[in-house]
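Peer 1: what follows is a predicted structure for the sequence shown.
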Amino acid sequence: MAITVQNFIKLANYYNQTAMIMSAICVEKGGVAIDNYVGRFFAADVLEYIVEYGRRLTDNRNESIPPEIADLIKRFAQQFEHVKHLTTPMQKPFYEMTLEEFEKVMNI
């Protein structure tokens, strides 16, 4: 997939629709707090992907980024800061991890 503004918009729309569906599920299940919903881990992984895609888009000198898209990239990065502890850990062998990475994976 080429790194383009159009693809970023598609990913952003996907994430927004996913968040909307997650909210609807939480309401349907009796008002479950979004912080207790099991899908929050998936949403955090998707948001991580989108933030990285936005970073690469920003770094791409061949692509002109409209100001509203640049603002959206920043907003997603801010959202990600709140949920980055929920992302799936990297599948690195434990002997290659730093002590901090190991403690995070082991939830110590």
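Peer 2: Sure, I can see it. This one's a predicted model, so the numbers in the text were calculated from it and none came from an experiment.
Peer 1: how about stretch 42-54 as CSV, C-alpha atoms only?
Peer 2: Coordinates of each C-alpha in stretch 42-54 appear next as CSV, following Å, rounded to 0.1, in the frame of the first residue of the first chain:
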residue,chain,number,x,y,z
PHE,A,42,-7.7,-4.2,19.3
ALA,A,43,-8.6,-0.5,19.0
ALA,A,44,-5.2,0.4,20.6
ASP,A,45,-3.4,-1.7,18.1
VAL,A,46,-5.3,-0.1,15.2
LEU,A,47,-4.6,3.4,16.6
GLU,A,48,-0.9,2.5,16.9
TYR,A,49,-0.8,1.5,13.2
ILE,A,50,-2.6,4.7,12.2
VAL,A,51,-0.2,6.9,14.2
GLU,A,52,2.8,5.2,12.6
TYR,A,53,1.2,5.5,9.2
GLY,A,54,0.7,9.2,9.9
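Peer 1: tell me the average confidence for that stretch?
Peer 2: Confidence for stretch 42-54, expressed as mean pLDDT, is 93.
Peer 1: quick one: contacts of it?
Peer 2: Stretch 42-54 is contacted by residues 3, 7-8, 11-12, 14-15, 18-19, 22, 72-73, 76-77, 79-80, 83-84, 86-88 when judged by Cβ atoms under 8 Å, 6 or more residues apart in numbering. All C-beta atoms are positioned from the backbone trio N, CA, C, and that covers glycine.
Peer 1: for stretch 55-62, same thing?
Peer 2: 3-5, 8, 63, 65, 70, 73, 77.
Peer 1: among those residues, which ones are in helices?
Peer 2: 5, 8, 70, 73, 77 (DSSP state H).
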